[in-house]
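Q: Sequence below, structure please.
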Amino acid sequence: MVKKTVLLFPGQGVQKRGMGLDFLAASTGAKRLFETASETMGRDMEELLRTADEESLKRSDIAQPAITLTNLAAAAFLCEKGMEVCASAGHSLGEYAALVVSGGITAEDVFRLVKARGEAMQKTAERIKTEVGDPPGMTAVLGLPPGEVESLIAAWSAAGLEGLYAANINSPKQLVVSGTAEALSEAEKRFKEAGARRVVRLTVAGPFHSPLMKEAAEEFRPVLEQVTFKDPVIPFYSNVTGTEIKNGEEIKRLALLQITSPVRWVDEEKAINAAGGFAQVLEAGPGTVLQGLWKEISGIPCLGAGTAKEIELL
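A: Below is the predicted model:
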């Protein structure tokens with residue numbers, strides 16, 4: 001019996017050398033995706049994933065195409081194995097793989113988009129670093145309710161702490177903040193004093209999903225405008241609204257806002273769970289981050305589907 005499956009795609013921060021390469025031998029669809037990505041990027045993506053070091057993979061202009069390729073390779077292999085995908089969603093960058101699976105954009109267009117998006121975001125992060133001397137970034141705050149974190153940020157900002165923003169509302173117990181290096185260092189101390197169980201600086205190249213990325217959004221806009229977005233053929237859920245979006249033009253508008261807006265992942269998970277009609281949830285891509293976040297929302301488990309071996313076991 002074929003199970004109706006929701007696919008969740010991870011975003012930047014899960015990258016690692018060698019990810020996705022096992023799908024090359026296992027999936028004809030994945031092989032075509034590698035060829036398409038290599039042509040669009042102007043570099044051999046297989047060679048990149050075999051040789052790139054950790055620091056290179058942290059760069060947005062490298063990580064974003066590489067993660068999107070790995071996510072889509074996993075989805076291609078799942079479909080070849082007979083999985084019936086009934087809905088898709090992606091966390092941050094992962095939203096682009098979800099768009100392809102939902103029928104909103106083509107694989108050719110997605111690599112054009114994530115190439116331009118990654119370059120624009122890397123350029124903006126480097127500009128901020130040059131201006132202030134230290135790299136901006138993101139920090140996960142664990143053990144404090146998101147509402148309390150947002151209230152603290154509002155109070156601290158009103159009192160003069162600049163450059164700190166709520167970025168990813170990931171779970172009832174975790175919110176990720178974006179900011180300048182100075183703002184993050186100060187806020188990390190304050191969050192601990194306020195009762196946070198842990199604060200973790202993330203391995204990303206910029207202060208994503210915050211107003212600090214406005215310049216990147218403006219640079220990305222002309223490339224985005226050239227791409228046609230179709231109405232999804234299966235339910236697609238938006239980071240910006242946390243709800244299902246059925247109109248392609250609206251998805252396109254939200255794709256630009258997503259760069260500077262918080263990721264409302266808790267709301268997305270709740271919307272998917274409330275819609276029902278599925279038998280399983282899979283994280284199609286590297287890592288286990290989304291599996292852990294889903295567990296805090298739903299009693300239906302989210303299983304790993306980021307390698308050929310994991311998918312074979314499914």
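Q: Now for residue 299, how many residues are close by?
A: Around residue 299 there are 6 other residues, counting by other C-beta atoms under 10 Å. Every residue, glycine included, has its C-beta placed from N, CA and C.
Q: How about residue 214?
A: By the criterion of other C-beta under 10 Å, residue 214 has 12 neighbours.
Q: Okay, and it sits in which element?
A: For residue 214, the host element (DSSP states H and E) is helix 214-225.
Q: Then residue 98?
A: Under the criterion of DSSP H and E, residue 98 resides in helix 94-102.
Q: In the stretch 1-150 of the chain, where is pLDDT below threshold?
A: Applying pLDDT under 70 to the stretch 1-150 of the chain picks out residues 1-2, 132.
Q: Helices along that one, start to end?
A: 22-26, 28-41, 45-51, 54-58, 60-80, 94-102, 107-132, 146-158 (DSSP state H, counting those that start in this stretch).
Q: Any chance of TSV for those, columns distance to residue 165 and mean neighbour count?
A: Shown next, in TSV, are the helices of the stretch 1-150 of the chain (distance: least, C-beta to C-beta, whole Å; neighbours: other C-beta atoms under 10 Å):
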stretch	distance to residue 165	mean neighbour count
helix 22-26	36	18
helix 28-41	30	19
helix 45-51	31	16
helix 54-58	20	15
helix 60-80	18	26
helix 94-102	19	27
helix 107-132	13	20
helix 146-158	7	15
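Q: can you list the ones you listed in TSV and add distance to residue 253?
A: Shown next, in TSV, are these (distance: least, C-beta to C-beta, whole Å):
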stretch	distance to residue 253
helix 22-26	32
helix 28-41	24
helix 45-51	30
helix 54-58	29
helix 60-80	20
helix 94-102	13
helix 107-132	14
helix 146-158	24
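Q: For residue 261, which of those is the nearest?
A: Of all those, it is helix 94-102 that lies closest to residue 261, at 11.7 Å by C-beta to C-beta.
Q: Residues contacting the closest one, please?
A: Applying C-beta atoms under 8 Å, 6 or more residues apart in numbering, the contact partners of helix 94-102 are 7-11, 67-68, 71-72, 75, 85, 88-90, 105-107, 110, 113-114, 117, 229, 232-239, 251, 255, 258, 284-285, 290.
Q: can you check stretch 177-196 too?
A: 128, 132-139, 141-144, 148-149, 152-153, 156, 161-167, 199, 201, 206-210, 212.
Q: The residues you listed, buried ones only, as a ChimeraX selection?
A: Buried members of these, defined by 16 or more other C-beta atoms under 10 Å, are picked up in ChimeraX with:
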select :128,135,136,137,138,139,141,142,144,149,152,153,156,161,163,164,165,166,167,199,206,207,208,209,210,212
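Q: what does the helix holding residue 214 contact?
A: Applying C-beta under 8 Å, 6+ apart, the external contacts of helix 214-225 come out as 112-113, 116-117, 120-121, 123-124, 127, 206, 252, 255-257, 259-260.
Q: wait, which of these is closest to residue 311?
A: For those, the residue nearest residue 311 by C-beta to C-beta is residue 113; the value is 25.7 Å.
Q: how near is the residue lying closest to residue 18 once chain neighbours are set aside to residue 22?
A: Spatially, and ignoring its direct neighbours in sequence, residue 18 is nearest to residue 49 (6.1 Å; C-beta to C-beta, 6 or more residues apart in numbering). Going from residue 49 to residue 22 by C-beta to C-beta, to the nearest Å gives 11 Å.
Q: now do residue 203
A: 22 Å.
Q: Next: residue 78.
A: Residue 78 is 14 Å from residue 22, by C-beta to C-beta.
Q: what do you get for residue 166?
A: As for residue 166, its distance to residue 22 is 36 Å (criterion: C-beta to C-beta).
Q: same thing with residue 82?
A: For residue 82, the distance to residue 22 (C-beta to C-beta) stands at 19 Å.
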